[in-house]
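A.B. asks: Pasting a predicted model and its sequence here:
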Amino acid sequence: AILAGIGYDVIGTVEMLYTPATGFTFLEVNTRLQVEHAVTEEVTGVDIVAAQIRLAAGEPLAAVLPASVSCNGHAVEARIYAEDPMRFFPSPGELAVFAPPAGEGIRVETGYAAGTGGDTIGVHYDPMLAKVIAHGADRAEAVARLAGALERFRVEGVKTNIPYVLRVLRDPAFADGQLHTQLGAAIASRPL
């Protein structure tokens, strides 16, 4: 409502923090596409990248987006990095095998080709290998689909954060939606 009130008519992301004691607290507005845009695309069916390009070309917002955008189900995303899942240091090297998962409700975005690998993960750039997005009828189904997809994701030649992400997805606090900024560190500090 605030953005509409000031005439903001392009794609952007409003970031908030939520606590049970205070509710939502405004953090920032990012006037660009976020890495997590695929989650929004999965639940709304809106291709945000195409919308952003059409808006930049001068089309009005009313022509680009439906009059009413509705949400369908739940989506969750995991960023898969070439990094040690215990110490979180980068894991440079050559991808010997890179076989992303597929299946119902699974979307993978990557710059690496599926197959036997051959790509080198260096130390000078972001070691993100892929984003895996899962969509389901509700949060529990989306999380279960994501966990199943990550179990099927084959990467050899470098370490990945997949074991850590699976620990997060299976953690009771995460499953119950008891999310907070220290949850990741708490999970990482627990013995395997």
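C.D. replies: Structure received. Numbering: from 1, shown residues only.
A.B. asks: Quick check: beta-bridge partners of the residue nearest the centre of the chain?
C.D. replies: Among the residues of the chain, the one closest to the centroid is E77, at 3.1 Å (CA atoms, centre = their mean). Assessed by DSSP bridges, E77 has beta-bridge partners I133.
A.B. asks: where do the helices sit along the protein?
C.D. replies: Taking DSSP state H as the criterion, the chain contains helices spanning 2-5, 37-44, 48-56, 61-64, 139-152, 162-170, 172-175, 183-189.
A.B. asks: Mind putting those helices into a markdown table with distance to H124, mean pLDDT and mean neighbour count?
C.D. replies: Just so you know, the C-beta spots here come from the backbone N, C-alpha and C atoms, and that holds for glycine as well. Formatted as a markdown table, the helices of the chain follow (distance: least, CB to CB, whole Å; pLDDT from 0 to 100; neighbours: other CB atoms under 10 Å):
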| stretch | distance to H124 | mean pLDDT | mean neighbour count |
| --- | --- | --- | --- |
| helix 2-5 | 37 | 80 | 9 |
| helix 37-44 | 26 | 94 | 19 |
| helix 48-56 | 27 | 89 | 15 |
| helix 61-64 | 37 | 88 | 12 |
| helix 139-152 | 27 | 97 | 18 |
| helix 162-170 | 23 | 95 | 17 |
| helix 172-175 | 33 | 89 | 12 |
| helix 183-189 | 25 | 82 | 13 |
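A.B. asks: Arrange these in a markdown table, one row each, with distance to I133 as further columns.
C.D. replies: Output for these, formatted as a markdown table (distance: least, CB to CB, whole Å):
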| stretch | distance to I133 |
| --- | --- |
| helix 2-5 | 25 |
| helix 37-44 | 5 |
| helix 48-56 | 13 |
| helix 61-64 | 22 |
| helix 139-152 | 8 |
| helix 162-170 | 13 |
| helix 172-175 | 17 |
| helix 183-189 | 19 |
